[in-house]
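In: What follows is a protein structure lacking sequence information:
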């Protein structure tokens, strides 16, 4: 699979007929322009206090909540050869910076752009796809785990030829690797490569088509003398003085596909993305949930590293109903943080596995309704499934389904 993905990276780039976050509102020269969107929602969980990727964990004694999911305010300005973007996110948890980057290019040729600052990691399709345009409430669990909050600090070169080859975009970024809300905690930097094709007017402008691949090469610094390497159905601990301060590989390989077709009944879209690789994590503990154990770190992990091989993917299907403002949506995603262990073996004495190794699958379904050009209603129900393990509290499927009703206004 890895060889195949590398081949795709060189030959078949990724397609996007979505809104890319790593750009101003328009590249036409303009003075300060303000855009944004607000998402307010009500959610009901299957049980109180669940760990969740559907907008964050629920409070200990709560199984329902009103919340501001996103409140984005984007300010940008574009002149002949440069642009600046600054975006804030305001919710009940406070205000934080989401984007802050400068782009520039030759005044005579906009094909080659240089970006520096805080921007979306240019990996695959869904990471750079704006949440203000996405039909589904959240990104797939695997991408929320590996690239939380989507952004990182660094520099990027983008190449998008003019005219005949304008459907091609190539991106190469160097980033801290510690994400949106952190300074880098070591001297190593991560590299991200992405290529994209954008065919948006095939078959008399009825067909949209895209496919492609991305690669992420990074590291995670170990802070102890012990690491845990995968073995058959578990981990083996290795203690060596050389492990302390060593940077272990954090490598991802991804491929994606998007299709869209317009008929007399309405537009149908199908989108899928697959990713696999190695993710250094830690063990789940009483104070650290299984969901957080395999996430990417914003600060130096203090515990022993667990070197997990993972994979994950999603399928998104949407169908506009009778060319109306109503669209039916169905999504399915899977994240397996440890492909070297069977679920029934997790928690077995001596194999060093924890809740951070549990595989999850999520089936979601619902609809969106565009009340007007700016206002959208989303109703979505998620069934989250995990197989039974030997761990206490995880011997059966956890009751962690979530129902979401969201109202969004975009300007």
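Out: Sure thing, it's come through. Because the structure is predicted, anything quoted here is derived from the model rather than measured. Numbering: from 1, shown residues only.
In: Show me what counts as buried in the one helix or strand residue 217 maps to.
Out: Assigned by DSSP states H and E, residue 217 belongs to strand 207-221. Buried residues in strand 207-221, counted by 16 or more other Cβ atoms under 10 Å: 208-216, 218-221. No exception for glycine: its C-beta is placed from N, CA and C like everyone else's.
In: After that strand, which helix or strand is next? Please name it.
Out: Assignment by DSSP H and E places the next element after strand 207-221 at strand 226-231.
In: Quick check: nearest residue in space to residue 376, chain neighbours excluded?
Out: Excluding its sequence neighbours, the residue lying closest to residue 376 (Cβ to Cβ, 6 or more residues apart in numbering) is residue 408, at 4.7 Å.
In: Just the helices from this protein, written as ranges.
Out: In the chain, helices defined by DSSP state H lie at 2-11, 141-146, 290-293, listed in chain order.
In: which residues touch residue 118?
Out: Residue 118 makes contact with 97-101, 151-153, 180 under the criterion Cβ atoms under 8 Å, 6 or more residues apart in numbering.
In: Mind picking the lowest-pLDDT entry from the residues you listed?
Out: The lowest pLDDT within these belongs to residue 180, which sits at 87.
In: number of nearby residues for residue 227?
Out: Residue 227 is flanked by 21 other residues according to other Cβ atoms under 10 Å.
In: Go ahead and confirm it touches residue 236.
Out: No. Under the criterion of Cβ atoms under 8 Å, residue 227 is not in contact with residue 236, lying 9.6 Å apart.
In: Nearest to the spatial middle of this protein, which residue is it?
Out: When the chain is reduced to its mean C-alpha position, the closest residue under Cα atoms, centre = their mean turns out to be residue 143, at 3.4 Å.
In: distance of that one from residue 79?
Out: 34 Å (Cβ to Cβ, to the nearest Å).
In: Check residue 317 too.
Out: Computed with Cβ to Cβ, the distance linking residue 317 and residue 79 is 41 Å.
In: neighbour-wise, which of these two wins?
Out: Summary of the neighbour comparison: residue 317 and residue 79, criterion other Cβ under 10 Å, with residue 317 having more neighbours (17 against 12).
In: List the beta-bridge partners for that one.
Out: residue 270, residue 330 (DSSP bridges).
In: And the pLDDT for it?
Out: Predicted confidence (pLDDT) at residue 317: the value is 98.
In: Could you do residue 193 as well?
Out: Confidence for residue 193, expressed as pLDDT, is 98.
In: ok, now residue 265?
Out: Among the per-residue scores, residue 265 holds a pLDDT of 96.
In: hang on, it packs against residue 323?
Out: Yes. Checked against Cβ under 8 Å, the pair residue 265 and residue 323 is within contact range at 6.8 Å.
In: picking that back up, which among the buried residues of strand 207-221 gets closest to residue 113?
Out: Set against residue 113, the nearest of the buried residues of strand 207-221 by Cβ to Cβ is residue 214 (18.1 Å).
In: show me where the stretch 1-150 of the chain has strands.
Out: Using DSSP state E, counting those that start in this stretch, the strands assigned to the stretch 1-150 of the chain run over residues 30-45, 64-78, 82-91, 94-106, 109-120.
In: The second one versus strand 82-91: what angle between them?
Out: With axes from the mean of the first three to the mean of the last three Cα atoms, to 10 degrees as the criterion, the two stretches strand 64-78 and strand 82-91 enclose an angle of 170 degrees.
In: Report the inter-axis angle for strand 64-78 versus strand 30-45.
Out: Angle of strand 64-78 versus strand 30-45, following the same axes, to 10 degrees, is 170 degrees.
In: buried residues in strand 64-78?
Out: 67, 69-78.
In: How about the first one?
Out: When neighbours are counted by 16+ other Cβ under 10 Å, the buried residues of strand 30-45 are found to be 35-41, 43, 45.
In: List the residues that contact residue 72.
Out: 36-38, 87-89, 98, 131-132.
In: now do the same end-to-end measure for stretch 86-96.
Out: The separation between the terminal residues of stretch 86-96, taken as Cα to Cα, to the nearest Å, is 11 Å.
In: Could you list the buried residues of that stretch?
Out: 86-91.
In: Same list (the residues you listed) but as TSV, adding distance to residue 345.
Out: Compiled in TSV, the buried residues of stretch 86-96 are given as follows (distance: Cβ to Cβ, whole Å):
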residue	distance to residue 345
86	49
87	44
88	46
89	40
90	45
91	39
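In: isn't residue 192 right next to residue 119, touching?
Out: No. In terms of Cβ under 8 Å, residue 192 does not count as a neighbour of residue 119; the distance is 10.8 Å.
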